[in-house]
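need the 3D shape of this:
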Amino acid sequence: FDVRNYEFREDFIKRAPTRYDSRRPYQQLDNHYLEYREMEKEMDELQASADLFGVKLPEYKQLRLCRRELTMLKHLWDVIYLVRAQFHEWKKTLWLDVNVEQMDLDCKKLVQDIRGLDKEARAWDAFNNVDGDVKNMITSLGAVGLLQSPAIRDRHWQQVMDATGVRITLSDSTTLSDLLALNLHNFEDEVSSIVDKANKEQGMEKMLVELDQTWTNFNFEYDEHARTKTPLVKPSEELIETLEDNQVQLQNLLTSKYIAFFLERVSGWQKKLSTADSVLEIWLEVQRTWSHLESIFIGSEDIRSQLPDDSKRFDTIDVDVRAIQNAAKATPNVIQATNKPGLFEQLEDIQSRLALCEKALQEYLETKRLAFPRFYFVSSADLLDILSNGNEPRIVAKQLDKLFNVMCNVKFENDTSKTAVGMYSLDGEYVEFVAPCSCEGRVEDWLTNVLNSMQSTLRQVIGEAVVAYEEKPRSEWVFDYPAQVSLVGTQVWWATEVGLAFSRLEEGYENAMKEYNKKQISHLNDLILLLQGKLTKAQRVMLQTVCTVDVHSRDVVQTLITNKAENAEAFLWLSQLRHFWDDKQGHCKVAICDARFTFAYEYLGNQPRLVITPLTDRCYITLTQSLHLIMSGAPAGPAGTGKTETTKDLSRNLCLQIYVFNCSEQMDYRSVGNIYKGLSQSGAWGCFDEF
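Residues are numbered from 1 along each chain as shown. A predicted model of the protein is given here:
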C-alpha cells in the first residue's frame with residue numbers, strides 16, 4: 001500500500017487539472033476523487049487491522065496532500081468558471097454601452113476572490129492565468145473607458161489599430177469582444193497617448209468652431225461722413241479686443257505639439273485675422289486722413305486754387321476711398337471685407353498719395369506760419385479754417401483770441417467795410433486804433449496789419465497818458481484811458497516820482513521820501529473811495545488792479561524809508577521793476593537791476609494782477625537777470641505755488657505775449673521745434689510746464 005500510495009501521488013501530480021487549458025476539469029477532479037476514496041477506504045481497513053495488532057502505520061502524507069489539493073483545485077476552478085462566465089457575458093455588450101466603472105468594480109471583486117485562494121495554489125498555471133486574465137481585463141477596460149471619450153474621431157481609431165496591428169470594423173453593433181481583440185492591455189501607453197492627443201485636438205476643434213461662429217456673425221458698424229454722407233467704418237472696442245485675443249490664441253495653438261491635423265485650418269485663420277488686422281489698421285488711418293483732408297481739398301476753394309496739383313491728386317484719392325467705403329457697406333462682414341484680394345495694396349497706395357497731399361498742405365501752412373509766426377501756436381485745423389475764410393475778415397476776426405492774448409474781435413467802419421477801426425478784449429473793453437487798419441489781401445498780411453495797429457495804438461496812447469498824468473487829479477485820469485494804459489501810466493509815474501524824491505534827498509530834503517509816501521497813501525485813499533462808489537464791472541476790476549500795484553508801491557517806499565535808502569542807486573530800489581518813458585525813442589521801458597527791456601505793447605485788456613510778495617520780487621530779479629544774460633529761467637517748486645502765474649505776471653509787466661505749454665510724453669522734436677520757430681519769430685515767451 002505504501003508503494004501504491006507514492007504511485008497514486010505521482011499519478012495525481014501528472015494528471016491533476018492544474019493547467020489553465022485543462023479540458024473538463026470538473027470530470028477530472030471527480031475521477032481523482034473516486035480514486036482517492038478507494039485508496040482512503042483501503043487505508044482505513046489497514047488502520048483497523050493495525051489497531052487490532054497494535055501496530056503503528058505510517059501517516060501516508062502523500063494521500064492526505066492529494067485530498068487537500070483536490071479541495072484547492074475545486075475552489076480554483078470555481079473561480080475560473082466564474083471569471084469566464086462573467087467575461088463571456090460582458091463581451092456580448094455593445095461597446096458604447098459598456099459601463100466601465102461597474103465592470104471595474106466587479107473585476108476588483110474577482111481579484112479579491114482570486115487572492116482569497118490558498119497561497120499554495122499560486123504555483124499552478126491555472127491560477128496565474130486567471131489572475132493575468134482579470135488584470136488584463138482591468139487594463140483593457142481602462143483603455144476602453146478612455147476610447148469612449150467624445151473627443152475620439154475615426155482618425156484616432158485608425159491610429160489605435162496601427163499601434164495594435166489588429167484591424168476591426170467599428171459600427172453601432174461593435175461589441176466589447178471586438179475591442180478586446182485589439183489586445184488593448186498590451187498597448188496601454190499608446191492608447192493613453194492617442195486619447196490625450198484626441199482631447200487636446202478636441203479643444204483646438206472647439207476653438208476653431210468658435211472662431212467660425214464669431215467671425216461669421218461679426219459685422220462692421222458704420223458712421224456717416226458729415227459732408228458727403230459716405231459710410232465710414234467704425235471700429236468698436238469689441239472688434240479690436242476680439243481680433244487681438246484670437247490672434248494670440250491662434251499663435252498659442254501653432255506652438256502646440258498636437259497641431260498637425262489642424263495646421264492648415266489654423267494657418268488659414270491666422271492669415272485671415274492677420275490680414276484683417278493689417279488692413280483695418282491702415283484702413284482706419286486712410287479713413288481718418290481722408291475725412292480730415294476732404295473738407296480742405298474738396299470743400300475749400302482757396303486751398304484748391306493755392307494747391308492745384310495736389311487738389312487733382314486728392315480728387316482721384318477721393319474717388320478710390322469712396323468706392324472702398326461703399327463696397328465695405330455692401331460687404332459688412334469683417335473677415336470678408338478685409339480679406340478682399342488686393343485691398344491692402346490699394347490702401348497702401350492711397351495712404352502714400354494722401355501722405356503727399358498732407359506734405360504739400362503742411363508745406364503750404366509752413367509758408368503761412370513764416371509770414372505770420374503766431375500761426376505756429378494754432379492747430380492745423382484752426383489755421384485751415386482761418387485761411388479758408390481769409391477773404392472774410394469778419395469771420396476770421398471772431399477767432400482772433402486764438403492768435404492774441406485778449407483781443408477777440410475788431411470793429412469795422414461799417415457793415416461792408418474791410419477797414420478795422422478798433423479792437424475788443426475778451427472782457428468787453430474797446431480800444432480805438434490810432435489809425436484805420438486795412439483787412440484786405442492775404443490773411444497773413446492783414447493780420448500783421450492788425451498786430452502792428454495794436455502795438456502802435458498802445459505805444460501812442462501810453463505816451464499820451466504819461467504826458468497827461470499831471471494835468472488832472474489821478475482819480476479822474478484813470479478813467480480816461482484803457483485799463484492797461486492807466487496801469488502802465490501809474491507804474492511810470494511811481495518810478496518817476498520816487499526818482500524825484502531821491503533827487504530831493506540828495507539836495508538835502510530829508511523828508512522828501514516820507515512826503516511822497518504820504519502822497520501815495522492819499523492817492524490810495526482816493527481810489528478806495530472810488531471803489532466804494534457806483535462803478536461798472538470793468539471800472540471796478542481796473543481800480544482793483546491799480547490798487548494792488550499801488551499797495552506794493554507804497555510798501556516799497558516804506559521799506560526804502562525804513563532802510564534809509566539815500567539815493568537812486570540803492571539796491572532796494574534797483575531790484576524793483578521800474579517803468580519809465582523814453583522821450584527820445586518814444587518807448588516805454590522797464591528796468592530792474594542792470595537789465596533793460598523795451599515794451600512789446602501786447603494788448604492785455606482789463607486783467608487783474610498778482611499780489612506781489614518778496615518771493616515774487618526774487619523771481620522777477622532772477623528771471624530778468626537770466627534774460628539779460630541771454631539765458632532762460634526755470635522756476636522750481638511744489639505744484640500750485642505760483643511758478644506759472646508769476647512768469648505770466650512778469651510778461652504782463654513787459655506787455656509781452658506768453659504761451660503756456662503743458663508738456664506731455666506726446667510732445668516730440670517736431671512739435672517742440674514748431675514752438676521754438678514760433679517763439680523766435682514772434683518774440684513771445686514760452687512757458688513750458690512739467691518740462
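
show me what the strand of greatest length in the chain pairs with in its sheet, parallel or antiparallel.
In the chain, with assignment by DSSP state E, the single longest strand is strand 430-438. When sheet partners are counted by DSSP bridges, strand 430-438 sits next to strand 419-425 (antiparallel).

contacts for the partner strand, please.
Strand 419-425 is contacted from outside by 393, 397, 406-413, 430-433, 436-439, 450, 453-454, 457, 603, 605-606, using CB atoms under 8 Å, 6 or more residues apart in numbering. For the C-beta atoms, the positions are set from N, CA and C on the backbone; glycine is no exception.

what's the following helix or strand after the longest strand of the chain?
Going down the chain from strand 430-438, the next helix or strand is helix 443-468, by DSSP states H and E.

now that next one: mean pLDDT?
For helix 443-468, mean pLDDT is 93.

same for that helix, what does it pack against?
Judged by 3 or more CB pairs under 8 Å, 6 or more residues apart in numbering; DSSP states H and E, helix 443-468 is in contact with helix 343-371, helix 393-397, strand 407-412, strand 419-425, strand 430-438, helix 483-506, strand 578-582, strand 587-592.

any idea which helix or strand comes after that helix?
Sequence-wise, the next helix or strand downstream of helix 443-468 (DSSP H and E) is helix 474-477.

could you measure from residue 649 over to residue 638?
Using CB to CB, to the nearest Å, residue 649 is found at 19 Å from residue 638.

who has more neighbours out of those two?
Legend: neighbour count by other CB atoms under 10 Å for residue 649 and residue 638, higher for residue 649 (20 against 6).

let me know the pLDDT of that one.
If you check residue 649, the pLDDT there is 93.

how about residue 234, nearest residue that isn't a chain neighbour?
Leaving aside its sequence neighbours, residue 234 sits nearest to residue 221 (CB to CB, 6 or more residues apart in numbering; 4.4 Å).

typed the wrong thing, it's residue 125
Closest residue in space to residue 125, ignoring its immediate chain neighbours: residue 19 at 4.7 Å, by CB to CB, 6+ apart.

tell me the contacts of residue 353?
313, 316-317.

the same query, at a cut-off of 10 Å, please.
Contact analysis of residue 353 by CB atoms under 10 Å, 6 or more residues apart in numbering lists 286, 310, 313-314, 316-317, 320.

do residue 372 as well
Contacts for residue 372 (CB under 10 Å, 6+ apart) come out as 378, 383, 386, 403, 442-448, 451, 681-682.

would JSON lines of these with neighbour count and distance to residue 630 be doable?
Putting those into JSON lines (neighbours: other CB atoms under 10 Å; distance: CB to CB, whole Å) gives the following:
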{"residue": "378", "neighbour count": "19", "distance to residue 630": "28"}
{"residue": "383", "neighbour count": "21", "distance to residue 630": "31"}
{"residue": "386", "neighbour count": "22", "distance to residue 630": "33"}
{"residue": "403", "neighbour count": "21", "distance to residue 630": "27"}
{"residue": "442", "neighbour count": "14", "distance to residue 630": "34"}
{"residue": "443", "neighbour count": "23", "distance to residue 630": "34"}
{"residue": "444", "neighbour count": "19", "distance to residue 630": "29"}
{"residue": "445", "neighbour count": "14", "distance to residue 630": "32"}
{"residue": "446", "neighbour count": "21", "distance to residue 630": "34"}
{"residue": "447", "neighbour count": "24", "distance to residue 630": "29"}
{"residue": "448", "neighbour count": "15", "distance to residue 630": "27"}
{"residue": "451", "neighbour count": "22", "distance to residue 630": "25"}
{"residue": "681", "neighbour count": "15", "distance to residue 630": "17"}
{"residue": "682", "neighbour count": "19", "distance to residue 630": "18"}
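
so what does the residue nearest to residue 234 have for phi and psi?
phi -100, psi 150 (degrees, to the nearest 10).

how about residue 658?
When read as degrees, to the nearest 10, the backbone of residue 658 gives phi -130, psi 140.

next: residue 641.
Taking degrees, to the nearest 10 as the convention, residue 641 sits at phi -100, psi 0.

what's the first helix or strand after the helix or strand of the chain with the lowest mean pLDDT?
Using mean pLDDT, DSSP states H and E, the weakest-scoring helix or strand in the chain turns out to be helix 176-180, at a mean of 65. Downstream of helix 176-180, the first helix or strand assigned by DSSP H and E is helix 188-216.

roughly how far does residue 676 sit from residue 636?
Separation of residue 676 from residue 636 (CB to CB): 22 Å.

and the helix or strand in which residue 31 is found, which residues are buried?
Assigned by DSSP H and E, residue 31 falls within helix 25-53. Using 16 or more other CB atoms under 10 Å as the test for burial, helix 25-53 gives 25, 28-29, 32, 36, 39-40, 43, 46.
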